[in-house]
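Trainee: okay, here's the prediction I keep looking at, along with the sequence it came from:
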Amino acid sequence: MKLKQELLERFVSKDVKVGIVGLGYVGLPLGLTFVYRGFDVIGFDPDPGKVESLRRERSYVQRISAPRIRAAVSDRFQFSADFNRLSECEAIIACVSARLSNRSGLEASLTATAQRIKNRLRRGQLILLESMAHPGTAEAVLKPLFEATGLRSGHDFFLAFSREREDSAVLKPTATAIPKLVGGCDPDAADLATALYAQIFERIVRVTGTGNPDQREESGSFVLDGRETRESAA
């Protein structure tokens, strides 16, 4: 597919703008990692206080120092509460970071984030859900919502998911060596998510299947609340 190939080439050459939606303990370090790897990044958050703090080069995330923010701001990291700018991004990573123990908070955050993306969705974008939500969330919840715009997943835009891993985004020298679990609602989306994350993580573990709620990851380790966990096929 021509659109997929164009995005793949641009991800590898870093000729894209990455949008990070949600500048919390996962989104902010992830955005910084992309900047350090040579990408242009726009960080979005509905909290204007967070956006203003970052613009003033102040950190509110533990283990992220002000000098790190300062270095990124002077380079390639922009911060915005204007979600209309999502249309500028070829890759949008939605960091919905409520914990598994807070299902209602996770669902509310996911709904609000998905609606913001839907309202600005355009052809030629990769949307990647970075969350503790079940992998089937992308297929069962986001795909029909986004396709209500008239755009088709796997043809006009690509929908993928990755298990949230706070450890892999903490900007330690060894952090990017931790295996990153990714998948997609179709093979092309999985290929694109793998290509994008391969630019910042040393090892990518592909999830089999499409993220259907009735399917489980067949292999690979991942982190739940900072603890290394194994899951095998049912």
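Mentor: Here it is on my side, so go on.

Trainee: what's the helix or strand for the nearest residue to Phe79 once chain neighbours are set aside?
Mentor: Closest residue to Phe79 apart from its sequence neighbours, by Cβ to Cβ, 6 or more residues apart in numbering: Leu54 at 4.4 Å. Any C-beta I mention is one placed from the backbone N, CA and C, and that applies to glycine too. Leu54 is part of helix 48-55, with elements assigned from DSSP states H and E.

Trainee: mean confidence score for that helix?
Mentor: Averaged over helix 48-55, pLDDT sits at 95.

Trainee: likewise stretch 142-152?
Mentor: Averaged across stretch 142-152, the pLDDT comes to 97.

Trainee: what's the end-to-end length of that stretch?
Mentor: Start-to-end span of stretch 142-152 (Cα to Cα, to the nearest Å) is 12 Å.

Trainee: can you give me the buried ones in that stretch?
Mentor: By 16 or more other Cβ atoms under 10 Å, the buried positions in stretch 142-152 come out as 142-143, 146-147, 151.

Trainee: on that earlier part again, how far does the helix holding Leu54 sit from its chain's centre?
Mentor: For helix 48-55, the distance from its own C-alpha centre to the chain's C-alpha centre is 20 Å (Cα atoms, centre = their mean, to the nearest Å).

Trainee: next one: stretch 186-198
Mentor: Offset of stretch 186-198 from its chain centre (Cα atoms, centre = their mean): 12 Å.

Trainee: so what touches it?
Mentor: Stretch 186-198 is contacted from outside by 1, 4, 7-8, 11-12, 18, 91, 126, 128, 153-154, 158-162, 180, 182-184, 204, 206-207, 210, using Cβ atoms under 8 Å, 6 or more residues apart in numbering.

Trainee: okay then, goodbye and thanks.
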